[in-house]
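Colleague: Next one to model:
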Amino acid sequence: MKNIILFLLLFTQCFYNYSQSYEFKTIVDMEATDVISQGNTGTCWSFSTSSFLESEINRLTGNFIDISEMYTVRNTYSDKSWNYIMRQGKAQFGEGGLAHDVLNSAEKYGLVPNSVFSGLNHSETIHNHSEMVVVLNTILDTYISKPSGKVSADWKEVVENILDVYLGKRIDTFTYQGKTYTPKSFLEYSKIKTTDYLTLTSFTHKPYYSKFILNIPDNFSNGSFYNLPLQELVDTVNKALQNGYTIELDCDVSEKTFSSKHGIAVIPADVKDEAVSLNKICVEKDITPSYRQKEFENQNTTDDHLMHITGIVKDQNGTIYYKVKNSWGSSSDRVTHGGYIYMSEAYFKLKTISITIHKSAISKNILKNLGI
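Modeller: You can find the predicted model right below:
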C-alpha cells in the first residue's frame with residue numbers, strides 16, 4: 001500500500017512539474033538594439049551579426065550604433081558574384097550567408113551607420129530582394145554559359161550597376177554626429193577588430209580542438225570553425241553571457257517546436273508533446289554528441305537561420321533558456337517576448353550549427369587547447 005501511495009505521489013509531482021505554463025525569471029539580460037525585420041530577404045546572417053556587433057560596440061565604447069545591414073549585404077553580393085563566376089556556376093549563390101561574412105565585409109569594406117545606407121530605394125519601407133536575386137542569378141548564369149566559353153570582362157560592372165539600382169551605391173565618405181568618416185575609419189571608430197572573433201562549433205566527424213571548414217551550403221567563403229566538445233560549447237556560452245558578452249548564433253529553426261508566435265524553442269522527449277510544449281513545460285530530450293551528429297548528417301539539422309543571444313532566463317523548474325533576438329520584427333505581445341525567442345539548452349545543444357564570440361569571452365584553457 002505504501003509503495004502505491006509513494007508511486008502516486010511521485011507521479012502527481014512529475015505531472016505537476018511538467019504540465020505548468022511557462023514562468024520565466026531573468027538571470028542575465030544585456031542591452032541590445034531594437035528588434036527589426038529582415039523583410040522578404042534571406043539576410044538573417046547580416047541582421048543578426050550586425051546586432052551582435054552593435055552590442056559589441058556598446059560593450060567596447062558604451063555607445064549604441066545602428067549599423068547598416070544592407071551595406072554589408074551589398075558588398076557581400078559583389079564577393080559572392082566573383083566566387084560564383086570563378087567557380088563557373090558550381091557554387092552557392094543566393095541570399096544566405098554566415099557570421100564570418102559580415103566580419104569579412106567589415107574588414108574589407110568597413111562599416112557604415114544605417115542612417116547613411118538603408119538599402120531601401122524608391123520610397124520602399126520593407127526590404128525585398130526577391131527580384132534582385134533573380135536578376136543577379138540570370139545575369140551571372142548568362143555570362144557563364146556564353147558560347148565562347150569565356151566570361152566577358154564587363155560582368156563586374158554589370159553586377160555593380162544592378163546592386164546600385166536595388167540597394168544603393170557604395171559610400172566613400174559620410175557624416176555621422178558632425179564628423180566625417182570613410183567606412184574604414186568608421187570601423188576604427190567602432191573599436192571592432194574583426195580578428196578578435198572566433199566561430200565555434202561541436203561535431204564528432206572532426207577532432208575536437210581542431211580548426212576546419214564546415215561543409216554547409218552557406219559557407220561559400222570557406223570560413224573556418226573551431227571544434228569543441230558539446231558541453232564545453234554550452235559552458236562557453238553560459239560563461240560568456242554571465243560575464244557580459246553576447247553571442248552570435250547559427251542554428252536550425254525548422255522544428256515544429258521552434259515558434260516565433262509562442263516565443264519558445266524546445267526539444268520535448270516525446271514527439272506527442274510537440275504541440276503542448278509550446279505553452280507548457282514538458283520533459284526534454286537528453287542531447288548527446290552522437291545524437292547531435294546523427295541529426296546533422298541526416299540533414300534534420302541545417303544552417304537555416306542566424307540570431308543573436310543576449311541573455312539567460314530560467315523557468316520555475318530551474319531549466320535554462322537563452323534569450324535570443326530574432327530578425328522577424330518586434331511584437332508587443334507578452335507571449336512572444338517582443339520579437340525574442342526563449343531557447344532551451346536542449347534545443348541549443350541539438351540545433352546549433354555554430355556560435356561567433358569575442359575571443360576574450362573564451363576560457364584560457366580552451367584557447368590553449370585550440371592553439372590560440
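Colleague: make it CA atoms for all contacts and neighbour counts henceforth
Modeller: Will do.
Colleague: For Ile180, which three-state class applies?
Modeller: Let me fix one detail, which is that residue 180 is Thr and not Ile. Secondary structure assignment for Thr180 (DSSP: H, G, I helix; E, B strand; the rest coil): strand.
Colleague: which residues does it contact?
Modeller: Neighbour list for Thr180: Thr173, Phe174 [criterion: CA atoms under 8 Å, 6 or more residues apart in numbering].
Colleague: Phe212 versus that one, what's the distance?
Modeller: 40 Å (CA to CA, to the nearest Å).
Colleague: what does Ile353 give?
Modeller: Separation of Ile353 from Phe212 (CA to CA) stands at 13 Å.
Colleague: So which of the two has more stuff around it?
Modeller: Ile353 (24 against 14; other CA atoms under 10 Å).
Colleague: Could you check the pLDDT of that one?
Modeller: Per-residue pLDDT puts Ile353 at 98.
Colleague: how about it, what does it touch?
Modeller: For Ile353, the contact set (CA under 8 Å, 6+ apart) comprises Thr201, Ser202, Leu249, Asp250, Cys251, Asp252, Thr301, Thr302, Asp303.
Colleague: Leu120 too?
Modeller: Ile126, His127, Tyr166, Leu167, Gly168.
Colleague: Scan those and report the most crowded one.
Modeller: Result: Leu167 is most packed of the contacts of Leu120 (other CA under 10 Å), 21 neighbours.
Colleague: in what helix or strand does the nearest residue to that one once chain neighbours are set aside lie?
Modeller: What sits nearest to Leu167 in space, not counting adjacent residues and going by CA to CA, 6 or more residues apart in numbering, is Gly119, at 4.4 Å. In the assignment (DSSP states H and E), Gly119 maps to no helix and no strand.
Colleague: Quick check: phi and psi at Gly119.
Modeller: phi 80, psi 10 (degrees, to the nearest 10).
Colleague: Then Thr175?
Modeller: phi -110, psi 130.
Colleague: what sits against it?
Modeller: Contact analysis of Thr175 by CA under 8 Å, 6+ apart lists Tyr181.
Colleague: what's the pLDDT at it?
Modeller: 98.
Colleague: That one pairs with what?
Modeller: Judged by DSSP bridges, the bridge partners of Thr175 are Thr180.
Colleague: Against Thr182, how distant is it?
Modeller: Thr175 sits 9 Å away from Thr182, going by CA to CA.
Colleague: likewise Gly96?
Modeller: Using CA to CA, we find Gly96 at a distance of 27 Å from Thr182.
Colleague: more crowded one of these two?
Modeller: Each of Gly96 and Thr182 has its neighbours counted (other CA under 10 Å); Gly96 has more, 22 against 17.
Colleague: close enough to count as contact, the more buried one and Thr41?
Modeller: No. Counting by CA atoms under 8 Å, Gly96 stays clear of Thr41, with 9.1 Å between them.
Colleague: would you put the C-alpha positions of whichever strand or helix holds Glu248 in CSV?
Modeller: Assigned by DSSP H and E, Glu248 falls within strand 247-251. Extracted C-alpha coordinates of strand 247-251, given in CSV (Å, rounded to 0.1, in the frame of the first residue of the first chain):
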residue,chain,number,x,y,z
ILE,A,247,26.8,35.7,-28.8
GLU,A,248,26.0,35.3,-32.5
LEU,A,249,24.1,32.1,-33.2
ASP,A,250,23.7,30.0,-36.3
CYS,A,251,21.1,27.2,-35.9
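Colleague: which secondary structure elements does it contact?
Modeller: Applying 3 or more CA pairs under 8 Å, 6 or more residues apart in numbering; DSSP states H and E, one finds that strand 247-251 contacts helix 44-61, helix 230-242, strand 305-314, strand 352-358.
Colleague: Let me know the angle separating the next helix or strand after the third one from strand 247-251.
Modeller: Sequence-wise, the next helix or strand downstream of strand 305-314 (DSSP H and E) is strand 320-325. For strand 320-325 and strand 247-251, the angle between their directions (axes from the mean of the first three to the mean of the last three CA atoms, to 10 degrees) works out to 100 degrees.
Colleague: distance of the residue positioned nearest the centre of the chain from Ile320?
Modeller: In the chain, the residue lying closest to the centroid (CA atoms, centre = their mean) is Leu306, at 2.2 Å. Per CA to CA, Leu306 is found 20 Å from Ile320.
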